[in-house]
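Peer 1: Compute the structure for the input listed below.
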Amino acid sequence: MTEFDPHIDTDAFLISINDIRDKYFEGEKLPQDELVAMHNYDKFRLEYLNASDGEVDFERRYFRLQVMANLYPYTDFLDFDKIPRD
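Peer 2: Take a look at the predicted model:
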């Protein structure tokens, strides 16, 4: 087992939409690009879920959105037209 290195470069870790939401709800002032990404994700989420073709499709899309909010870098949501779709 390797020993924990306290000097890890945290800039190497991605910042997700849910990370931004956490900061927002903690009252932290967000930079403009993070606010734009969060707004674009919310807009995309509504459009994406409303385009569902039934319950099974809705559940698949909802799960995919959870993955995107947790694992995609927020920078993927800065340009609404370039958000990864199916």
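Peer 1: just the helices in this structure please.
Peer 2: For the chain, applying DSSP state H gives helices covering 17-25, 32-50, 55-71.
Peer 1: got these as CSV, with distance to Asp81 columns?
Peer 2: (C-beta placed from N, C-alpha, C; glycine too.) Formatted as CSV, the helices of the chain follow (distance: least, Cβ to Cβ, whole Å):
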stretch, distance to Asp81
helix 17-25, 17
helix 32-50, 9
helix 55-71, 16
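Peer 1: how about a markdown table for the ones you listed, with mean pLDDT added?
Peer 2: Output for the helices of the chain, formatted as a markdown table (pLDDT from 0 to 100):
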| stretch | mean pLDDT |
| --- | --- |
| helix 17-25 | 97 |
| helix 32-50 | 97 |
| helix 55-71 | 97 |
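Peer 1: got those helices as CSV, with distance to Lys82 and mean neighbour count columns?
Peer 2: Formatted as CSV, the helices of the chain follow (distance: least, Cβ to Cβ, whole Å; neighbours: other Cβ atoms under 10 Å):
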stretch, distance to Lys82, mean neighbour count
helix 17-25, 15, 16
helix 32-50, 10, 16
helix 55-71, 13, 13
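Peer 1: Can you check which of those helices gets nearest to Arg85?
Peer 2: helix 32-50 (7.5 Å; Cβ to Cβ).
Peer 1: Touching the closest one from outside, list them.
Peer 2: With contacts defined as Cβ atoms under 8 Å, 6 or more residues apart in numbering, helix 32-50 is touched by 15, 17, 20-21, 23-24, 30, 58, 61-62, 65, 68-69, 74-80, 83, 85.
Peer 1: Pull out the CA atoms of that helix and give them to me as CSV.
Peer 2: The C-alpha coordinates for helix 32-50 follow below in CSV (Å, rounded to 0.1, in the frame of the first residue of the first chain):
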residue,chain,number,x,y,z
GLN,A,32,-19.3,33.6,-14.2
ASP,A,33,-18.3,30.4,-16.1
GLU,A,34,-19.5,28.2,-13.3
LEU,A,35,-22.8,30.0,-13.2
VAL,A,36,-23.2,29.6,-16.9
ALA,A,37,-22.4,25.9,-16.8
MET,A,38,-24.9,25.3,-14.0
HIS,A,39,-27.6,27.2,-15.9
ASN,A,40,-26.9,25.4,-19.1
TYR,A,41,-27.0,22.0,-17.4
ASP,A,42,-30.4,22.8,-15.8
LYS,A,43,-31.8,23.9,-19.2
PHE,A,44,-30.4,20.8,-20.9
ARG,A,45,-31.7,18.6,-18.1
LEU,A,46,-35.3,19.9,-18.5
GLU,A,47,-35.2,19.6,-22.3
TYR,A,48,-33.6,16.2,-22.2
LEU,A,49,-36.1,14.7,-19.7
ASN,A,50,-39.1,16.3,-21.5
